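sequence and computational prediction follow.
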Amino acid sequence: MAVERNSGSDLGFEADLFKAADKLRGNLEPSEYKHVALGLIFLKYISEAFEAQHTKLQSVEYADPEDPEEYLAANVFWVPPAARWSHLQANAKVREIIYEDVTTGREKKGDIGGLIDNAMEAIEKANIAVLKDVLPKTYSRPQLDKTMLGELIDLFSNVDMRGDHGKARDRLGRAYEYFISQFAGAEGRRGGEFYTPRSVVQTIVEMLQPGRGRVYDPCCGSGGMFVQSERFIENHQGRRSDIAIYGQERNHTTWRLCRMNLAVRGIDADIRWNNEGSFLRDEFAQTKFDFVMANPPFNISDWWQPQLEGDARWTFGTPPQGNANFAWLQHILHHLAPRGTAGVVLANGSMSSQQSGEGEIRKALIEADHVDCMVALPGQLFYSTQIPACLWFLARDKSANGHRDRRGEILFIDARKLGHLVDRTRREFSDGPNGDIAKIAETYHRWRNRPEANSAAGLTPYEDEPGFCRSATLDEVRGHGHVLSPGRYVGAADVEDDGVGFEERLAGLRAKLAQQFEAGQTLEARIFDMLGQATSNG
């Protein structure tokens, strides 16, 4: 199957590729097909990058295009002959293939599924430090339609992944990210376990602006926070080497998706897996981070273990055993460097709940002046849940980090009216200079920045906007019982003056009400009349 080549507007290339790939899925569940398609995209990326470097080395005097060290020096994965895309493509429609098993070194007879598994094994062995146990190797299983696999290889072969400027990484990265988002939507609730919608991630990244230092996500899913952080740096002419990325993920399958996602982007990161999770086995227990960005699972109730009693992270109170929201907040705050900031997605209940001591922990966090900003989000942003959500922004020290002294203040942003529906069930924030994300992020920056920083960035000084944002004092928050719902603070939006006086408006409302009363009486009389006729006929 051929796909028309696309010069690559933001959604054309990825959307066309996904539609074509999805047609090949047949009866395979999205949760299963996801690994089939994403694994092949990764394989295609590996081969594209390798071939580009191979061609380059052929024109360099004394260079050996078949020396793995030549690729290591260029930060490109070495791809053995058995794993090169051209080899897979040549055998995509062959029913019986004879190849050398990279594990045993013996000749083996199989089909295209076995050849793909062999290729994955060969790439892992050749790049074991980075890709050990990362790649899927289940293509040879009998349940997988081998004709579909061959057609998928043809599909990806016929699309120029390199784009107009030979940037294989950018184009493949976009395709991989788009496929992840579409699979998350198809999987619904389960999809939310590995994917945070791009517009939510982008909002957090644009607000925190992680330009230099250590970036951490304790429940990193498929790595969206890291991809958007790298994109932020590139868009602001920064250097990738200015940030170091760290993450932990409990689900091994999701951890593999993350590792492939970052590899496709060429992002070097320390992403760790264990099946106990960040609470029970914190892989970075002694490390502090400049930026923490996270979308923990909402309201999880099965997180507690007896060994967590008295944990050093519970500085502001032991979280309730039936809900991990305040465990996540304290874990994240515990990992913040002295000048660190964090953005966390949580269920709305975290802003107001008084159950099981949550109100006391929230009060302690507020009184310690670690809460910098609260953002109420609109509904329908997430694939996995319709539970309303919010963003918490924490700061270790609100007098530091190059911004103005904000001690004793909290910014509240009510973004519930922002966003647009992209389909019947899901909403997104708009991007761009005048979009929803810019409106939210720039409000935070104007409030947080020093005056000279606002001037340099071309931003106007911060002002409260009724119905949208308000800077409140700790005394005001105390007056609201330490509840952090932005709607309590921002008030109602100003109503534009239409020039109609109060008396005239009131008279118009009275006339309209009289008309409605009259219509109601007429309808009531008709109903009684019809009921009377029905009784007499009966």
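It's in.

make it CA atoms for all contacts and neighbour counts henceforth
Fine.

shaky segments in the stretch 151-300 of the chain?
Applying pLDDT under 70 to the stretch 151-300 of the chain picks out residues 159-172, 188-194.

look up how far N295 lies from I332.
As for I332, its distance to N295 is 11 Å (criterion: CA to CA, to the nearest Å).

now do the same for the residue nearest to the spatial centre of the chain: helix, strand or coil?
Centroid-nearest residue in the chain: T196, 3.1 Å away (criterion: CA atoms, centre = their mean). Of the three states, T196 takes coil under DSSP: H, G, I helix; E, B strand; the rest coil.

which residues are in contact with it?
G224, N295, F382 (CA atoms under 8 Å, 6 or more residues apart in numbering).

from these, which land in helices?
Judged by DSSP state H, the subset of the contacts of T196 located in helices is G224.

want to throw the contacts of T196 into CSV with distance to P80 and neighbour count?
Formatted as CSV, these follow (distance: CA to CA, whole Å; neighbours: other CA atoms under 10 Å):
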residue, distance to P80, neighbour count
G224, 30, 24
N295, 38, 25
F382, 41, 26
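
for V345, give me phi and psi.
Backbone dihedrals for V345, given as degrees, to the nearest 10, come out at phi -90, psi 130.

pretty sure it is touching V292, no?
No: using CA atoms under 8 Å, V345 is not in contact with V292, being 11.4 Å away.

more neighbours, the two?
V292 (28 against 24; other CA atoms under 10 Å).

how much space separates that one from I361?
V292 is 20 Å from I361, by CA to CA.

L381 now?
27 Å.

next one: R95
For R95 relative to I361 (CA to CA), the value is 63 Å.

the more surrounded of these two?
I361 (23 against 12).

helices or strands up against the helix or strand that contains that one?
Using DSSP states H and E, I361 sits in helix 358-367. Counting contacts by 3 or more CA pairs under 8 Å, 6 or more residues apart in numbering; DSSP states H and E, helix 358-367 packs against helix 325-334.

then the helix it packs on to CSV, C-alphas only?
Extracted in CSV, the C-alpha atoms of helix 325-334 (Å, rounded to 0.1, in the frame of the first residue of the first chain):
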residue,chain,number,x,y,z
ASN,A,325,-3.0,12.7,45.6
PHE,A,326,-1.1,14.4,48.6
ALA,A,327,1.5,11.6,48.5
TRP,A,328,2.4,12.6,45.0
LEU,A,329,2.5,16.3,45.9
GLN,A,330,4.8,15.7,48.8
HIS,A,331,7.0,13.2,46.9
ILE,A,332,7.5,15.9,44.2
LEU,A,333,8.1,18.7,46.7
HIS,A,334,10.7,16.5,48.5
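
show me which helix or strand of this structure is least confident by mean pLDDT.
Lowest mean confidence among the helices and strands of the chain (mean pLDDT, DSSP states H and E): helix 502-537, at a mean of 70.

ok, what's across the strand from Y216?
Counting by DSSP bridges, Y216 is bridged to Y246, V292.

what residues are up against the closest residue to G211 other than its chain neighbours?
Nearest non-adjacent residue to G211, counting by CA to CA, 6 or more residues apart in numbering: I233, 5.9 Å away. Residues in contact with I233, defined by CA under 8 Å, 6+ apart, are P210, G211, R239, R240.

where along the stretch 101-250 of the chain do the strands fall?
Listed in chain order, the strands of the stretch 101-250 of the chain (DSSP state E, counting those that start in this stretch) span 107-110, 213-217, 243-249.

need those strands in a markdown table (columns: mean neighbour count and distance to G349).
Listed next are the strands of the stretch 101-250 of the chain as a markdown table, based on neighbours: other CA atoms under 10 Å; distance: least, CA to CA, whole Å:
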| stretch | mean neighbour count | distance to G349 |
| --- | --- | --- |
| strand 107-110 | 13 | 55 |
| strand 213-217 | 22 | 22 |
| strand 243-249 | 23 | 24 |
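
L40 is nearest to which of those strands?
Taking CA to CA, strand 107-110 is the member of those nearest to L40, at 18.2 Å.

and the contacts of I233, which of them are buried?
P210, G211, R240 (16 or more other CA atoms under 10 Å).

from those residues, which is closest to I437?
Nearest to I437 among the buried ones among the contacts of I233, with distances taken as CA to CA, is P210, at 15.9 Å.

quick one: contacts for W447?
L411, P461, Y462, E463.

now with 10 Å?
373, 403-404, 406, 410-411, 441, 454, 460-464, 470-471 (CA atoms under 10 Å, 6 or more residues apart in numbering).

pLDDT (mean, whole number) over stretch 53-68?
Model confidence over stretch 53-68, given as mean pLDDT, is 91.

for stretch 115-130, buried residues please.
115-127, 130.

among the residues you listed, which are located in helices?
115-126, 130.

JSON lines for those residues, including distance to K137 and pLDDT?
Shown next, in JSON lines, are those (distance: CA to CA, whole Å; pLDDT from 0 to 100):
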{"residue": "L115", "distance to K137": "10", "pLDDT": "97"}
{"residue": "I116", "distance to K137": "8", "pLDDT": "97"}
{"residue": "D117", "distance to K137": "5", "pLDDT": "97"}
{"residue": "N118", "distance to K137": "8", "pLDDT": "97"}
{"residue": "A119", "distance to K137": "9", "pLDDT": "96"}
{"residue": "M120", "distance to K137": "6", "pLDDT": "96"}
{"residue": "E121", "distance to K137": "7", "pLDDT": "96"}
{"residue": "A122", "distance to K137": "11", "pLDDT": "96"}
{"residue": "I123", "distance to K137": "11", "pLDDT": "95"}
{"residue": "E124", "distance to K137": "10", "pLDDT": "94"}
{"residue": "K125", "distance to K137": "13", "pLDDT": "94"}
{"residue": "A126", "distance to K137": "15", "pLDDT": "93"}
{"residue": "V130", "distance to K137": "16", "pLDDT": "87"}
